[in-house]
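1. using only what follows, build the 3D model:
(4 chains)
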Protein chains: 2
Amino acid sequence: MAWKILIVDDEPDIVDFIEYNLQKEDFITAKAYNGEDALRIAADFRPDLIILDVMMPQMDGIDTCRRLRQNPDLASTYIMFLTARSEEYSEIAGFEAGADDFVNKPVKPRALMSRISAIARRKSLTVDPDSNSVSHKGIKIDPSSYTVSIEDKELPFPKKEFELLYLLMSKPGKVFTREKILNKIWGESVYVVDRTIDVHIRKIREKIGDDMIQTVKGVGYKFVA
Amino acid sequence: MAWKILIVDDEPDIVDFIEYNLQKEDFITAKAYNGEDALRIAADFRPDLIILDVMMPQMDGIDTCRRLRQNPDLASTYIMFLTARSEEYSEIAGFEAGADDFVNKPVKPRALMSRISAIARRKSLTVDPDSNSVSHKGIKIDPSSYTVSIEDKELPFPKKEFELLYLLMSKPGKVFTREKILNKIWGESVYVVDRTIDVHIRKIREKIGDDMIQTVKGVGYKFVA
DNA sequence: CCCTATGTTAACTAAATGTTAAGCAGGGAC
DNA sequence: GTCCCTGCTTAACATTTAGTTAACATAGGG
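-> This next block holds a predicted model:
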């Protein structure tokens, strides 16, 4: 998954330095040197992550962040602030504006990379292992262990199948359209063919029985109520 | 790990005296002369330990401590109070505010240092030696002796491997994500590569058998239930 | 009975983890 | 201080398995 990252800072040196390090790790990057540009470029580029300097002339990072958040297309975009240790900007204001993380300047490549991969990891998990298990019709799906039990017999479930079943079981009887499923489990910027969903559905049915998941032709799938 | 320590006292002489002693031992220090400054600096500096005078004009130590504790980033920060022997402030109030330790004024360097290194030792251990041993599937892991026994045969376990196994065994069946593992065992400000976890897992498996720890691909690891 | 949506299978690709060995750093012995 | 030992981390490479796709089969509404 090639991540797209937008780097925003008024100091070109810093932008270049970060870009260099990101490209080394095969990220796709875009640059902006002020808040205005950032907004414009972000709308086009649709980054997965925006690295945003807090302290910039004219529109500062907090402001930029707030306005970025107004674009619904960027709702799921991760925003990471760069702050100088001594800056008076409290992180509180940043969080209120919609920031997801903070990294101190001067930027240390390793720390930055590790933060980014932490974000990537988090984003890739649609089911949090701390959420509650759900049971219906003798089937229990448990995020804390990532297992599905049928009549107390535990079955191994790979990640995607697990997430898909969890989604369906979270609202038994409700039909999930293919589109919803794709958005929820694969995310907005991932392109997979419809058939992919079918294949996962089939594998799930193979394990828990054919009649637990119903097809609503032309609409989607539902877990029987 | 170079420890960061914030010293807070309204008397500059005392601050300087403590700072001098700490720097001699290679600690990284920051200073504040009142509660307000302490809060601000702490948010930025992210100290591992805060040495806090109880008796200060305006915001006293208890108050400062209470407000420091409201910052979630400082949750794991150790707070050590400086109290004059004669002060009426009871330690109760201090503990309630979230203090971890008390040291009497006048400060004696050696006593202070030994207290700090005691704290450092404790903090560097993610596993408290006072906690209880855990047994599953013929494997017993005992924090009080830092040993792992398999069928009553004791095996040598280095620290990291021990902590990792202890974490997993503390909740058998539960999946721990890489992120959780990193945070719990390495801490938030340490950056290691994912592969490091795998290597430790491998060494543990080598000792206790391959099937005790299961991989949940794309999610994390779990100790078999 | 046709047309389209879905089912099914197996091959393929890509991502995640397993594994090995080498480098490094801290602590203790001398 | 220097040497050695041990444990931690990393990089490089191998392996595994989940995930995806293509190709073809089937079913059911109109």
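2. for whichever strand in chain A runs longest, C-alpha coordinates in PDB please.
-> Once chain A is assigned using DSSP state E, the strand that runs over the most residues is strand A:78-84. What follows is strand A:78-84 as a C-alpha-only set of coordinates in PDB (Å, rounded to 0.1, in the frame of the first residue of the first chain):
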ATOM      1  CA  TYR A  78      -4.300  11.500   9.400                       C
ATOM      2  CA  ILE A  79      -2.800  14.900  10.500                       C
ATOM      3  CA  MET A  80       0.500  15.000  12.300                       C
ATOM      4  CA  PHE A  81       1.800  18.200  13.700                       C
ATOM      5  CA  LEU A  82       5.400  19.300  13.800                       C
ATOM      6  CA  THR A  83       6.100  21.400  16.900                       C
ATOM      7  CA  ALA A  84       9.200  23.000  18.200                       C
END
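3. what's in contact with that strand?
-> Strand A:78-84 has contacts (CB atoms under 8 Å, 6 or more residues apart in numbering or on different chains) with A:9, A:14, A:48-55, A:61, A:65, A:68-69, A:89, A:91, A:94, A:98-105, A:107, A:115-116, A:119, A:123. The way it works is simple: take the backbone N, C-alpha and C, and place the C-beta from them, glycine included.
4. these in strands, which ones?
-> In strands, judged by DSSP E, the following of the contacts of strand A:78-84 are found: A:L49, A:I50, A:I51, A:L52, A:D53, A:D101, A:F102, A:V103, A:N104, A:K105.
5. and those residues, which of them are buried?
-> Neighbour counting with 16 or more other CB atoms under 10 Å in any protein chain shown marks A:L49, A:I50, A:I51, A:L52, A:D53, A:D101, A:F102, A:K105 as buried within the ones in strands among the contacts of strand A:78-84.
6. which of these lies closest to B:F223?
-> When those are compared for distance to B:F223 (CB to CB), A:D101 comes out closest, at 30.2 Å.
7. for that closest one, which non-adjacent residue is spatially closest?
-> Taking CB to CB, 6 or more residues apart in numbering or on different chains as the measure, A:D101 lies nearest to A:M80, with 4.5 Å between them; neighbours along the chain are not counted.
8. next, the contact list for the residue with the largest distance to the centre of chain A, please.
-> Each residue of chain A has a distance to the centre, and by CA atoms, centre = their mean the biggest one is for A:E151: 33.5 Å. Shown here is A:E151, whose contacts under the criterion CB under 8 Å, 6+ apart are A:G138.
9. count of residues packed around the residue nearest to A:D101?
-> Summarising burial for A:M80: neighbours were counted as other CB atoms under 10 Å in any protein chain shown, giving 18.
10. who does it bridge with?
-> Taking DSSP bridges, one finds A:I51, A:D101 as the beta-bridge partners of A:M80.
11. do the same with A:G220
-> A:T177, A:V216.
12. got it, and A:I139?
-> For A:I139, the beta-bridge assignment (DSSP bridges) gives partners A:H136, A:I150.
13. distance of it relative to A:I150?
-> Between A:I139 and A:I150 the distance is 5 Å, computed by CB to CB, to the nearest Å.
14. what touches both of the two?
-> Residues touching both A:I139 and A:I150 by CB under 8 Å, 6+ apart: A:I208.
15. of these two, which one has the most company?
-> Looking at A:I139 and A:I150 with other CB under 10 Å, you find the greater number of neighbours at A:I139, namely 19 against 16.
16. that one and A:K153 touch, don't they?
-> No - using CB atoms under 8 Å, A:I139 and A:K153 do not qualify as a contacting pair, with a distance of 10.5 Å.
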